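Participant: Generate a structure from the sequence data that follows.
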Amino acid sequence: MADMRATKSQEEQWMVQNQVFRIYDLVYRLPPHAQSVNFELRRENHIEYLTKSLKQLGPSFSVLDANRPWLCYWIMHSIALLGDCVDDELENDTIDFLQRCQDPNGGYGGGPGQMPHLATTYAAINTLITVGGHRSLSSINRKKLYAFLLRMKDSSGGFRMHDGGEVDVRACYTAISVASVLNILDERLIQNVGDYIVSCQTYEGGIAGEPGSEAHGGYTFCGLAAMVLINEVNRLDLPGLINWLVFRQGVECGFQGRTNKLVDGCYSFWQGGVAAIVQRLHLMVNEQLGLPNTFKYDCKTESDDDSSNSDGESYSEGASSPLNDICEPIQEGQSNASPPTESNNIGYNFIKGPIGMRPIFNSMALQQYILLCSQEEAGFRDKPGKRRDHYHTCYVLSGLSVCHYSNTKEADSPPLPGHVMGPYSNLLEPVHPLYNIVLDRYHDAYKFFARS
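Facilitator: Predicted coordinates:
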């Protein structure tokens, strides 16, 4: 019999599982009062870590010189999620710095004098919206930025990340997201973007970075969000996408980014954000599954028994579909918001409509992974054994926010009892899942750019 040896991937998977399960075992062996301390969000510690980082970073961060707008976004967005803000001096310093990153011909570079790049443009715009206020929002030269986006438009329908750069789904999303939130999205920018993204959906159901590549959580978020924003999401195989997504939450309770890869805290948002978007697409999913659209799907708590609703009545059997285990059909009480007719209103109308489907991931399990395995004394990490960083702090907190509001019927409604792991003081600010901007900052920007 051939010698059966574990692969490197299997060995790494077992090692991570052992680390995670050891943490869970240690915590759940503690008395209840001692357990509760481990589930507290160390809010003040995180804010202190982030605020200090915004003021000054050590020499080791020189390798991220071309990513400085990203550092601004990761830090400022994390602080906003935690319900805090920086002082006026730091806000003004951030605005001044990003103005120096703005290219005279449009777009934002990774630092002053660097070439404009779609990724750092997205980071800069999201940061300025997060800072908020007239000075911050009016610092954006939308006319020049629109010209930059047009220059990045590729004949394939997609976008290039920078002059002569790669074409991929990330570029499509960052371009479309920026144009949408700034109220400059039009048919010239949208043209054939959907064709390119559809060509990137793989046989697995997720979306790859480019045609022929492997389905990936980050690109799936980018592709799905962009397709919503251009009003062409119906062209994707949504049941296939959902099927791929739900299998990305592993035994460790966190999400992996690709099939057979390790759990990573950042996918709490990249995959959790996809789930949050899908919850608002239930009518479209039903249509692709051949289910009637005369029903809407009401939220049901994860603690409810799967065979009955809150009144003890049996669920309707309905047609056989992958959604039957997570959705409870009831007669339509009110219709969803009408499909928007203008491209720049899609993001606004999307978040205004009611959430129509139960979460398609285990929110409480993901919160457990985040609080016990990703949270450090200050900041968040990928997984046990890794070090904290600003990127993971940003996207882990974004994913935690998605968890908190996954069972609400409106985007900014308070979470239902029992859906915030740990004390209720752990609750974060809600985000707009298409842009990953704190919801009240998004609304302020929407009003500002709608009238300007």
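Participant: C-alpha only now, for contacts and for neighbours.
Facilitator: Noted.
Participant: Residue 15 - how many residues pack around it?
Facilitator: Residues lying near residue 15 (other CA atoms under 10 Å) number 11.
Participant: now residue 26
Facilitator: Per other CA under 10 Å, the neighbour tally for residue 26 reads 10.
Participant: That one and residue 32, how far apart?
Facilitator: 12 Å (CA to CA, to the nearest Å).
Participant: before we move on, what about residue 178?
Facilitator: 46 Å.
Participant: out of the two, which sits in the busier spot?
Facilitator: Using other CA under 10 Å as the criterion, residue 178 and residue 32 rank with residue 178 on top: 24 against 10.
Participant: Could you identify the helix or strand that succeeds whatever helix or strand that one lives in?
Facilitator: Here residue 178 sits within helix 169-181, counting by DSSP states H and E. Downstream of helix 169-181, the next assigned helix or strand under DSSP H and E is helix 187-190.
Participant: how far is the next helix-or-strand element following that following helix from where the chain is centred?
Facilitator: Downstream of helix 187-190, the next assigned helix or strand under DSSP H and E is helix 193-198. Centroid separation for helix 193-198 versus its chain: 20 Å, with CA atoms, centre = their mean, to the nearest Å.
Participant: what's the answer for stretch 425-444, then?
Facilitator: Distance, stretch centre to chain centre, for stretch 425-444: 11 Å (CA atoms, centre = their mean).
Participant: Residues touching it, excluding its own?
Facilitator: 40-41, 43, 77, 80-83, 126, 129-130, 132, 177, 225-226, 229, 273-274, 276-277, 347, 351, 398, 400-402, 404-405, 411-412, 420 (CA atoms under 8 Å, 6 or more residues apart in numbering).
Participant: From the residues you listed, list the buried ones, please.
Facilitator: 40-41, 43, 77, 80-82, 126, 129-130, 132, 177, 225-226, 229, 273-274, 276-277, 347, 351, 398, 400-402, 404-405, 411-412, 420 (16 or more other CA atoms under 10 Å).
Participant: mind listing which of the residues you listed are in helices?
Facilitator: 43, 77, 80-81, 126, 129-130, 177, 225-226, 229, 273-274, 276-277, 347, 351, 398, 400-402, 404 (DSSP state H).
Participant: So, low pLDDT: which residues of this structure?
Facilitator: By pLDDT under 70, the weakly predicted segments of the chain are 1-3, 292-341.
Participant: Strands along that one, start to end?
Facilitator: Counting by DSSP state E, the segments of the chain that form strands are 295-298, 328-331, 431-432, 437-438.
Participant: so what's residue 72 closest to, chain neighbours aside?
Facilitator: Ranked by CA to CA, 6 or more residues apart in numbering and with sequence neighbours excluded, the top spatial neighbour of residue 72 is residue 127, at 6.5 Å.
Participant: Neighbours of that neighbour, how many?
Facilitator: Residues near residue 127, counting by other CA under 10 Å, number 26.
Participant: and it, what does it touch?
Facilitator: 69, 72, 73, 76, 77.
Participant: Could you give the number of residues near the third one?
Facilitator: Neighbour count of residue 73, defined by other CA under 10 Å: 27.
Participant: Please look at it and residue 123 and confirm they touch.
Facilitator: Yes. Judged on CA atoms under 8 Å, residue 73 makes contact with residue 123 at a distance of 5.6 Å.
Participant: what's the overlap in contacts for the two?
Facilitator: With CA under 8 Å, 6+ apart, residue 73 and residue 123 have no common neighbours.
Participant: what distance separates the helix holding residue 178 from the centre of its chain?
Facilitator: On CA atoms, centre = their mean, the centre of helix 169-181 falls 14 Å from the chain's centre.
Participant: now swap in stretch 201-211 and tell me
Facilitator: For stretch 201-211, the distance to the chain centre is 18 Å (CA atoms, centre = their mean).
Participant: contacts for it?
Facilitator: 167-170, 197, 199-200, 212-217, 219-220, 223, 236-245.
Participant: Endpoint to endpoint, it covers what distance?
Facilitator: One end of stretch 201-211 to the other measures 8 Å (CA to CA).
Participant: ok, and for that stretch, which residues are buried?
Facilitator: Residues 201, 202, 205, 206, 207, 208, 209, 210, 211 are the ones in stretch 201-211 that count as buried (16+ other CA under 10 Å).
Participant: So the first one versus residue 193, what's the distance?
Facilitator: Put plainly, it is residue 201. Residue 201 sits 13 Å away from residue 193, going by CA to CA.
Participant: which ones are touching residue 83?
Facilitator: Residue 83 makes contacts with 428, 429, as judged by CA under 8 Å, 6+ apart.
Participant: distance of it from residue 25?
Facilitator: For residue 83 relative to residue 25 (CA to CA), the value is 32 Å.
Participant: next one: residue 265
Facilitator: From residue 265 over to residue 25 (counting by CA to CA), the distance is 20 Å.
Participant: next one: residue 384
Facilitator: Distance, residue 384 to residue 25, by CA to CA: 14 Å.
Participant: And these two? Which one has more around it.
Facilitator: Comparing residue 384 with residue 25 by other CA under 10 Å, the one with more neighbours is residue 384, at 19 against 10.
Participant: Leaving out chain neighbours, which residue sits closest to the more buried one?
Facilitator: residue 373 (5.8 Å).
Participant: Quick check: that neighbour touching residue 383?
Facilitator: Yes. Using CA under 8 Å, residue 373 is in contact with residue 383, at 6.1 Å.
Participant: What degree of burial does residue 403 show, as a neighbour count?
Facilitator: Residue 403: 31 surrounding residues under other CA under 10 Å.
Participant: got the contact list for it?
Facilitator: 272, 363, 364, 366, 367, 419, 420.
Participant: and what of residue 184?
Facilitator: By CA under 8 Å, 6+ apart, the contact set of residue 184 is 142, 146, 344.
Participant: There's contact between the last one and residue 189 in this structure, I believe.
Facilitator: No. Using CA under 8 Å, residue 344 makes no contact with residue 189, being 11.9 Å away.
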